[in-house]
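> Predicted model and sequence follow; I will ask about them next.
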Amino acid sequence: MGKYFGTDGVRGQVGQSPMTVEFTLRLASAAARVLAPEGGTVLIGKDTRVSGYMFESALEAGFTAAGVDVLLAGPLPTPGIAYLCRRLDADFGIVISASHNPYYDNGIKFFDHHGDKLSDELEAAIEALLEEPPVTRSSEELGHAKRLDNARTDYEFFCRSTVPPGADFSGFKIVVDCSHGAAYKVAPRVMAELGADVIPIGCSPNGRNINANCGSTRPELLQATVRGVGADVGIALDGDGDRVVMVDSSGEMVDGDQLIHILAAAAHEEGRLRGPVVGTVMSNLGLELSLTEKGIEFRRAAVGDRNVLALLKASGGHIGGETSGHVIDLAKTTTGDGLIVALQVLAVMEASGRSLGELASIMPRFPQTLINVRTTRAFDDTAVGIVEAVRAVQGRFGKRGRIVLRPSGTEPVVRVMVEGEDEQQVTAAAEEIAAAVRAALSED
């Protein structure tokens, strides 16, 4: 990560560095010089935060001043911008969003011409120019800006095209929670156009209610609604639509690991799965063991959908993701897309005649305990006390348990995660290792 670029673009609280108008102007100018030095076209989309208008205007000014043409897509899911970069032959794309964060945060993420996230090298090149003032070209060299009329409908058509021919969702009653975010128009319409009986919630954005007590990070409203209306399934997206979790007819959560298992198992049965399935170091052990029993290779990447994507490309796989609901299927699109993933799961349900609960139950979920140990110093996992505690616990668990120790990238804590078959044993083991970590961190 650079000074400003994190794991997914630039992000922060609105009005504080770097999320200010002044910085956004400089960011647009720097990006123009790196990504379109001879002029070109940038596609800009956003979610529903009130600050999106402000940052959209700043980006438009910075790019047109630098001689880059601007296409404004308006509110659209992040993966929609990734798709439209390819569809419209844009040189690069930008999404103004802080994903699942509260409305008072915002961010700016980039896609290249192919709908992929920028390389570390390109981000570094942009950062190197951020201290320079914005460029303003002469009048004859300025870029043009225009709003797109068909961005949403083009993306809706693409989403529908990823469903197997002949798929019919008319037998499903579906609650769709769009988190008052970027998918609030797209998701319900796509589901309805495929025949489903749709009950939309979280589809009334006011600029300040995005992700507020709804969506993939707060699915309680979805769970209650599914039970209340007798729906077959519930779908919860996050604020920018790249993350999804689902709810079965009884209101039980189906997380990203279970969705990955459903898609990978179906692709394997149909003979179309290629390469390994990729999760992260935090993916549930039940996912790994269940896939392995089916003869499907499973690999783990570092936390972050960017790392999952990199490992998928390096290994030749196409299905992977995170427990949180960032699920990627490179056979369908170039990035995580919550709506497209939900459509593929519904297609598996329709083709198999199985409910979501039945499909999800095939993968056992091992109990996990996560303890955050606060620290003010660097974490050394080679300390004797930590090594001995980890060795003792792993010896008791064998291959039916896992231990993950990692410093947080966002707060001063060391995360201690233990996973196994017995919940009481897992909890005790996590506390044992956490105590060893605390003791090591307190040593002079």
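Done, it's in.
> out of everything not next to it in sequence, what's closest to Ala192?
Spatial nearest neighbour of Ala192, excluding adjacent residues (Cβ to Cβ, 6 or more residues apart in numbering): Val198 at 4.9 Å. Bear in mind the C-beta positions are built from the backbone N, C-alpha and C, glycine included.
> Tell me which residues touch the residue lying closest to Asn101 once chain neighbours are set aside, please.
In space, and not counting its chain neighbours, Asn101 is closest to Asn211: 6.9 Å by Cβ to Cβ, 6+ apart. With contact taken as Cβ atoms under 8 Å, 6 or more residues apart in numbering, Asn211 is in contact with His100, Asn101, Pro102, Tyr103, Ser179, His180, Gly181, Thr217, Arg218, Asp238, Gly239.
> returning to that earlier point: surely the residue nearest to Ala192 is in contact with Asp177?
No - the pair Val198 / Asp177 is not scored as a contact, 11.3 Å apart, by Cβ atoms under 8 Å.
> now Glu432: how far from Arg438?
11 Å (Cβ to Cβ, to the nearest Å).
> Ramachandran coordinates for the residue nearest in space to the middle of the chain?
Geometric centre of the chain, nearest residue: His326, 3.7 Å, by Cα atoms, centre = their mean. Dihedral pair for His326: phi -80, psi 100, per degrees, to the nearest 10.
> Grab the nearest non-local neighbour of it.
Asp305 (4.0 Å).
> Report the separation between the residue nearest to Ala192 and Arg147.
Val198 is 28 Å from Arg147, by Cβ to Cβ.
> With Leu370 instead?
45 Å.
> tell me how far the ends of stretch 152-170 are from each other?
Distance between the two ends of stretch 152-170: 23 Å, counting by Cα to Cα, to the nearest Å.
> oh sorry, the question was meant for stretch 88-104
Counting by Cα to Cα, you get 31 Å between the two ends of stretch 88-104.
> re earlier: more neighbours: which of Val198 and Asp177?
Legend: neighbour count by other Cβ atoms under 10 Å for Val198 and Asp177, higher for Asp177 (32 against 21).
> Quick check, that one in contact with Ile201.
Yes - assessed by Cβ under 8 Å, Asp177 is found in contact with Ile201 at 5.0 Å.
> what about Ala31, how many neighbours?
Using other Cβ under 10 Å: Ala31 sits among 27 other residues.
> Name the residues of stretch 328-336 that come out as buried.
Buried positions in stretch 328-336, judged by neighbour count with 16 or more other Cβ atoms under 10 Å: Ile328, Asp329, Leu330, Lys332, Thr333, Thr334, Thr335, Gly336.
> Need these in CSV (columns: pLDDT).
Formatted as CSV, the buried residues of stretch 328-336 follow (pLDDT from 0 to 100):
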residue, pLDDT
Ile328, 97
Asp329, 98
Leu330, 97
Lys332, 97
Thr333, 96
Thr334, 94
Thr335, 94
Gly336, 95
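> Restricted to strands, list the residues you listed.
When DSSP state E is applied, these are split such that Ile328, Asp329 fall in strands.
> could you redo the buried residues of stretch 328-336 as JSON lines and give each row distance to Arg272?
Compiled in JSON lines, the buried residues of stretch 328-336 are given as follows (distance: Cβ to Cβ, whole Å):
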{"residue": "Ile328", "distance to Arg272": "16"}
{"residue": "Asp329", "distance to Arg272": "11"}
{"residue": "Leu330", "distance to Arg272": "12"}
{"residue": "Lys332", "distance to Arg272": "12"}
{"residue": "Thr333", "distance to Arg272": "16"}
{"residue": "Thr334", "distance to Arg272": "18"}
{"residue": "Thr335", "distance to Arg272": "20"}
{"residue": "Gly336", "distance to Arg272": "20"}
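> circling back to that earlier point, give me the common contacts of Asp177 and Ile201.
Cys214, Leu221, Leu222, Thr225.
> Report pLDDT for the first one.
What it means is Cys214. Per-residue confidence at Cys214 stands at 97 (pLDDT).
> Surely it and Asp177 touch.
Yes - counting by Cβ under 8 Å, Cys214 touches Asp177, with 5.6 Å between them.
> Can you pull the residues that touch both of the two?
With Cβ under 8 Å, 6+ apart as the test, Cys214 and Asp177 both reach Ile201, Gly202, Leu221, Leu222, Ala236.
> Give the buried subset of these as a ChimeraX selection command.
The ChimeraX selection below is limited to those of those classed as buried (16+ other Cβ under 10 Å):
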select :201,202,221,222,236
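> If I follow the layout properly, Ala167 ends up in contact with Val345?
No - taking contacts as Cβ under 8 Å, Ala167 lies outside contact range of Val345: 11.6 Å.
> Neighbour count for those two, which is higher?
A direct count of neighbours by other Cβ under 10 Å for Ala167 and Val345 places Val345 higher, at 24 against 17.
> Double-check that Val414 belongs to a strand.
Yes - counting by DSSP: H, G, I helix; E, B strand; the rest coil, Val414 is found in a strand.
> Could I get the contacting residues of it?
By Cβ under 8 Å, 6+ apart, the neighbours of Val414 are Asn372, Val373, Thr375, Phe379, Leu405, Arg406, Pro407, Ser408, Val437, Leu441.
> Which parts of the stretch 201-350 of the chain are helices?
Using DSSP state H, counting those that start in this stretch, the helices of the stretch 201-350 of the chain run over residues 220-229, 256-269, 285-293, 305-315, 338-352.
> Need those helices in a markdown table (columns: distance to Ala151 and mean pLDDT).
Listed next are the helices of the stretch 201-350 of the chain as a markdown table, based on distance: least, Cβ to Cβ, whole Å; pLDDT from 0 to 100:
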| stretch | distance to Ala151 | mean pLDDT |
| --- | --- | --- |
| helix 220-229 | 27 | 98 |
| helix 256-269 | 27 | 98 |
| helix 285-293 | 35 | 96 |
| helix 305-315 | 23 | 95 |
| helix 338-352 | 15 | 98 |
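> Output the below-cut-off pLDDT ranges for the stretch 301-444 of the chain.
409-410, 444 (pLDDT under 70).
> what about Gly93, how many neighbours?
27.
> any idea how far it is from Ile201?
Gly93 sits at a distance of 29 Å from Ile201 (criterion: Cβ to Cβ).
> Ile328 now?
Distance from Ile328 to Ile201, by Cβ to Cβ: 26 Å.
> Domain parsing of this protein, as residue ranges.
10-150, 158-253, 254-361, 368-442 (automatic domain parsing).
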